[in-house]
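Asks: How does the following fold in three dimensions:
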Amino acid sequence: MAGFHQIGRCIVDHVVPDDQAFDRLVFLHIEKAAGKSLKTFLDLTFPAGVVSPHTDYTSFEQVAPDYGLSVGHIDRQYCGRVLGEFKWFTVLREPVERVASLMNYWAQVAHPASWIYRDASEVDRAAYDLARTATLEEFAASDNQKIVDQVHNLMCFRILGAVQGNSTDQEYADKAFDLLQSEALFFGLQSQLPMTLLQIPLLLDLPARDVRLPKARVNETSLARVSAHDSRIEDLPSLRADMLLYRAAEKLFHQRMLSITEIYLNRTTYQRVHDRLPTSASH
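Replies: Numbering: from 1, shown residues only. Here you go, the predicted model:
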């Protein structure tokens, strides 16, 4: 399978040399952080067979090796065990907004009359019930295992692939931020989705005219929950490390966007690389 060779100008002053070309790229999809919009964008931007179907821990190992760009609810360390060498990127979301969106999603799709609720385990049903009845603070602080897995400093976990353990919130967030800076091919913010997506053609030397941006979606219920929340939720142990990570990443993102805007304004030539992108051997 051909690799993502001769990668173009990278974010800010970071360049991937020709001798560091890579064969596999992974989108670490953090739940409720614009992943569906980005997946749609990737499918529209790249040729058929490049981007994998959406995966998780139950399917990534079987699906990902057949594609050049894999997408899934998985963590960075797990990807390394499955793929070996790879590059990755992710999108972050303000943690309180992300939790509110998750609550609203579960309340809508996993209501008691749905097949999702009927077929769920007792633990999962309890989580879905809390999504409908609890306050945002109660939901985020819950020790329900499904909520722990989907809420508790999830952004740091997706990047690190390791639970917090004895690390302080600041140490856990710092480790994740260091990898975001030094190892991620790029990262984005859900609140800045257009600029997040525009990094992709820049990285791969795709013409800017090929960029197709999905329409932004606003969920009024999630917005209402966020606006009504107690400010103390931001200091809950379940969100504290993610809050620290997000604030640091937000500053870095805006610094990079200034440089990216300058690059786009000054570009006069484009080089198409569609024919050099890897495709699935089975598609």
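Asks: My guess is Ala173 contacts Leu244. True?
Replies: Yes. If you go by Cβ atoms under 8 Å, Ala173 and Leu244 touch, sitting 3.6 Å apart. C-betas here are computed from N, CA, C, even on glycine.
Asks: Looking at these two, which is more packed in?
Replies: It is Ala173, of Ala173 and Leu244, that has more neighbours when counted by other Cβ atoms under 10 Å, with 27 against 22.
Asks: From His54, how far out is that one?
Replies: 27 Å (Cβ to Cβ, to the nearest Å).
Asks: now swap in Asp242 and tell me
Replies: Per Cβ to Cβ, Asp242 is found 22 Å from His54.
Asks: now swap in Glu234 and tell me
Replies: 30 Å.
Asks: would you list every one of the helices in the stretch 151-283 of the chain?
Replies: 154-160, 169-182, 193-203, 220-228, 237-266 (DSSP state H, counting those that start in this stretch).
Asks: pretty sure Phe41 belongs to a strand, no?
Replies: No. Under the criterion used here (DSSP: H, G, I helix; E, B strand; the rest coil), Phe41 is helix, not part of a strand.
Asks: State the distance from it to Cys79.
Replies: 21 Å.
Asks: Hmm, Ile242 is touching Val151, no?
Replies: For the record, residue 242 is Asp, not Ile. No. Counting by Cβ under 8 Å, Val151 is not a contact partner of Asp242; they are 9.0 Å apart.
Asks: Of the two, which one has the most company?
Replies: In this view Asp242 and Val151 are compared by other Cβ under 10 Å, and Asp242 has more residues nearby, 29 against 25.
Asks: in the protein, what spans have low per-residue confidence?
Replies: In the prediction, the chain carries residues with pLDDT under 70 at positions 1-22, 203-232, 260-283.
Asks: again, only this time at 50
Replies: Confidence mapping of the chain against pLDDT under 50 gives the ranges 1-20, 209-211, 268-283.
Asks: Now the terminal residues of stretch 128-138, how far apart.
Replies: 13 Å (Cα to Cα, to the nearest Å).
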